[in-house]
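Provided below for reference: sequence and predicted model.
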Amino acid sequence: ATPTAIMVGTGLGARCGILFRNADALEQAEKLTTLVVDKTGTLTEGRPTVSDVRPAPQVDATHLLAVAYALEKDSEHPLARAVVDYGTAQGVQPPVASTFQAVPGMGVTAQIDETLARLGSPRFLADAGVTLDHTVIEALESEGKTVVGVTVGAQLLGYIALSDRLRPDAIATVSALKKSGIKVVMLTGDNQRTASVVAAQVGVDEYMAGVLPGHKADAVEKYRAAGSLVGMVGDGINDAPALAAADVGFAIGAGSAIALDTADVVLMKSDLTSVLDAISLSRATLAKIR
Ligand code: ADP
Ligand code: MG
């Protein structure tokens with residue numbers, strides 16, 4: 001494309017809140033064949049809320065929530081914020097916790113009453129040797145909810161389910177992207193069952209679940225290696241390497257600073273429709289100069 005056309009395209013984008021950070025991104029966007037989209041915070045609003053509290057037999061729900069609060073209070077994860085807000089609303093009295101540690105893509109640990117306490121995904125707890133009630137977990141996950149378990153030492157206190165609404169424009173945008181010939185792939189650290197429910201709701205072509213933060217970029221590389229020109233849309237700290245690995249990385253404007261820094265295109269309106277607009281703008285810009 002001529003420098004003038006690129007400047008005009010970039011200017012038009014900026015006026016509708018689509019910031020192309022380089023000319024290459026504007027030229028490549030029209031050629032994308034696969035779009036990898038992060039689930040949490042991109043297809044969904046990224047503001048999960050607690051939907052179910054399921055204490056284990058003989059455990060008080062208040063106790064489960066108090067321990068969960070103590071574990072999550074120093075975490076910046078969206079699920080942690082939801083647990084803390086819920087606990088606050090319920091007026092919990094959290095026990096003292098120390099030596100807090102986050103395990104990316106898995107959960108958190110801390111010392112409570114000189115005992116190691118854990119909160120996180122079923123996979124995280126199973127890896128730690130905890131015996132889980134899969135009937136409870138599977139029922140909640142089949143509703144598209146994310147389930148975390150809470151343990152203190154060897155004792156399982158119970159489960160907390162969280163749900164995160166789809167962005168209002170998610171279904172329509174995915175459908176429009178598919179109609180324009182782009183394969184849409186959902187990527188998430190969340191478990192297989194929850195991911196499959198959300199993937200079906202939103203109508204993506206494919207999904208990859210249980211992807212640990214360090215492996216999101218590998219997922220993008222997988223599609224590139226298969227010959228696709230790959231776009232990636234994300235918002236989180238975890239998404240930055242994948243945004244960098246993609247041919248065109250799109251960051252949701254309300255996302256983390258590192259995602260914004262890494263992206264080729266920043267979507268200031270923080271909506272998914274902007275991805276579609278960015279691709280259309282790229283097509284229009286390049287069509288004009290042919
Ligand atoms: P995503 O790819 O959907 O943004 P993450 O990679 O951040 O998700 O997390 C994947 C999973 O790890 C979550 O679904 C949750 O089960 C677990 N997890 C990670 N950190 C936390 C936390 N602080 N509190 C609860 N669960 C967590
Ligand atoms: Mg995310």
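Done, it's in. Residues are numbered from 1 along each chain as shown. Ligands and ions are numbered 1, 2, ... in the order given.

The longest strand seen in the chain: which residues count as buried?
Taking DSSP state E as the criterion, the chain has its longest strand at strand 155-163. Neighbour counts over strand 155-163 (16 or more other Cβ atoms under 10 Å) mark 156, 157, 158, 159, 160, 161, 162, 163 as buried. Where C-beta positions appear, they are placed from N, C-alpha and C, glycine not excepted.

So what's the gap between it and the chain middle?
Between the centre of strand 155-163 and the centre of its chain there are 20 Å (Cα atoms, centre = their mean, to the nearest Å).

other SSEs contacting the helix or strand following that strand?
Using DSSP states H and E, the helix or strand that follows strand 155-163 towards the C-terminus is helix 170-179. In terms of contacts (3 or more Cβ pairs under 8 Å, 6 or more residues apart in numbering; DSSP states H and E), helix 170-179 is packed against strand 183-187, helix 192-202, helix 273-288.

Tell me, how many residues neighbour the one residue in the stretch 151-290 of the chain that gets nearest to ligand 2?
Taking Cβ to the ion, ligand 2 has its nearest neighbour within the stretch 151-290 of the chain at residue 236, 3.7 Å off. Residues within reach of residue 236, counting by other Cβ atoms under 10 Å, total 24.

on that earlier part again, what's the most buried one of the helices and strands packed on helix 170-179?
The highest mean neighbour count among the helices and strands packed on helix 170-179, using mean count of other Cβ atoms under 10 Å, belongs to strand 183-187: a mean of 23.

Give the other helices and strands that that strand contacts.
strand 34-38, helix 170-179, helix 192-202, strand 206-208, helix 216-225.

what comes into contact with the third one?
By Cβ atoms under 8 Å, 6 or more residues apart in numbering, the surrounding residues in contact with helix 192-202 are 39, 43-44, 138, 141-147, 166, 170-171, 174, 186, 188, 190, 206-210.

Let me see the mean pLDDT of it.
The pLDDT scores in helix 192-202 average 97.

That one and ligand 1 in contact?
No - Helix 192-202 lies out of reach of ligand 1 by Cβ under 6 Å from any ligand atom, never closer than 7.6 Å.

Extract the C-alpha trace of that helix and format it as CSV.
This file holds the C-alpha atoms of helix 192-202, laid out as CSV (Å, rounded to 0.1, in the frame of the first residue of the first chain):
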residue,chain,number,x,y,z
GLN,A,192,-12.5,-28.3,29.1
ARG,A,193,-16.1,-28.7,30.2
THR,A,194,-16.7,-25.0,31.0
ALA,A,195,-14.9,-24.0,27.8
SER,A,196,-17.0,-26.3,25.7
VAL,A,197,-20.2,-24.8,27.0
VAL,A,198,-19.1,-21.2,26.4
ALA,A,199,-17.7,-22.2,23.0
ALA,A,200,-21.1,-23.6,21.9
GLN,A,201,-22.9,-20.5,23.3
VAL,A,202,-20.7,-18.1,21.4
